[in-house]
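Student: Any chance you could fold what I've pasted below:
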Amino acid sequence: MKISASIYSDKKRPLKEVIEDLVNHQVDLLHIDCNDDLAVFEDIAQIREWCSLPLDLHIITEQPEKYFDLLRANPVEYLTFQYEQLTERLEIPADISGKKGLAVITPTSVEVFDQYADFDFILIMATIPGQSGGVFDKINFSKIRQFRKKYPTKSIHVDGGVNGEVSFILRNMGVSSSVSGSYLFNAPSIGHALMNLTMREIESHYSVEDFMIPLEECPIVHSESMSLKSILETIEKGNLGFCLVLDEHNKLKGICSSADIRKTMLRNLNDLNTIQPIDLINQSPLSISNTTTVVELLKTIKKCSFPVMYLPVVKNETEAIGIVNFVNLIKGEI
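Tutor: Residues are numbered from 1 along each chain as shown. Down below sits the predicted model:
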């Protein structure tokens, strides 16, 4: 996940000094907030003289058209307009370069992106736009899941309240870029904050239940009625490489993954017809409690002697309520 440094969050130093510091610490992007202020483009012109880092411009305005000529003269790599300020559907001229994004605040449904499906990404504002130092609203974890499910090929950017712990969760959910402002500049140094944002040691304020895939979105078969066909079809349709096996009361009975199927077939190559549905199931899977913190989750994974791709989430020790998978995290770290 790329870190986009919000350059105006440092109120103490001249802009050139801030940019030089960010360049020296190899930040990925420079995030520039434009609250309907044309003078921001004077800074953009200066920044282009100082460095070659990609620019991530977020414009809040009711009149996007007044920025088009400035954007032609000062192209940026990422261009986002705030949805709530728009009075009509935004049409960005084709000759304006850069990836296009739509920013939405927490109360706004990600479904508004349907009007902008030709855009490249969504920017989810997890705190109040323009206010530095806010706390990440965990309802946005659900919005990220919703958007990822509906638009699997689009990128997700997040702005607001991103600290070390939230950064890990966002990377695990497949977020492409996160904006960091006060957290980055209020740390002992930018380097120290960047180390935390790329996940070293963190303090936990969120539990697994806050960001897991809930049960209603998980591929499931029920032990009483499962068959070889239903297991295979559920794994295929779920597109996650596994399915949960539950009883009629949602008690976790096991998990079946593509790896479990492969191992079962290898054991029974001489007569595949003898394979029964129960043979495919790992009846003693590693699972984790819904109240487990992020730090505890990481400690659990580190103790395992085998790679962990997904973990069923249970409450009251046996009732399945969701799953945490690490596919996006692994992709993001390669």
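
Student: For residue 246, list each beta-bridge partner.
Tutor: Beta-bridge pairing of residue 246 under DSSP bridges involves residue 222, residue 252.

Student: from what I can see it touches residue 222, true?
Tutor: Yes. Taking contacts as Cβ atoms under 8 Å, residue 246 lies within contact range of residue 222: 5.9 Å. C-betas here are computed from N, CA, C, even on glycine.

Student: more neighbours, these two?
Tutor: Each of residue 246 and residue 222 has its neighbours counted (other Cβ atoms under 10 Å); residue 246 has more, 23 against 14.

Student: do you know how far the more buried one is from residue 253?
Tutor: 6 Å (Cβ to Cβ, to the nearest Å).

Student: hey, what's in contact with both of those two?
Tutor: residue 223 (Cβ atoms under 8 Å, 6 or more residues apart in numbering).

Student: Least confident secondary structure element in the chain?
Tutor: Least confident helix or strand, the chain: helix 327-333 with a mean of 53, by mean pLDDT, DSSP states H and E.

Student: quick one: low-confidence ranges for this protein?
Tutor: Residue ranges of the chain with pLDDT under 70: 128-133, 186-204, 327-334.

Student: So this structure: which segments form each domain?
Tutor: 2-203, 213-333 (automatic domain parsing).

Student: Would you tell me which one of the ones you listed is buried the most?
Tutor: Each of the domains of the chain was scored by mean neighbour count; the highest is domain 2-203, a mean of 18, by mean count of other Cβ atoms under 10 Å.

Student: Give me the most central residue, the protein.
Tutor: residue 175 (2.7 Å; Cα atoms, centre = their mean).

Student: Enumerate every residue touching that residue.
Tutor: Per Cβ under 8 Å, 6+ apart, neighbours of residue 175: 1, 144, 156, 157, 158.

Student: With respect to residue 55, which of these is nearest?
Tutor: residue 157 (13.6 Å; Cβ to Cβ).

Student: so what strands line up beside the helix or strand harbouring that closest one?
Tutor: Assigned by DSSP states H and E, residue 157 belongs to strand 155-159. Strand pairing for strand 155-159, determined by DSSP bridges: strand 121-125 (parallel), strand 177-180 (parallel).

Student: quick one: the helix or strand following that strand to strand 155-159, angle?
Tutor: Tracing the chain past strand 155-159, the next element assigned as helix or strand by DSSP H and E is helix 164-172. Interaxial angle, helix 164-172 versus strand 155-159 (axes from the mean of the first three to the mean of the last three Cα atoms, to 10 degrees): 170 degrees.
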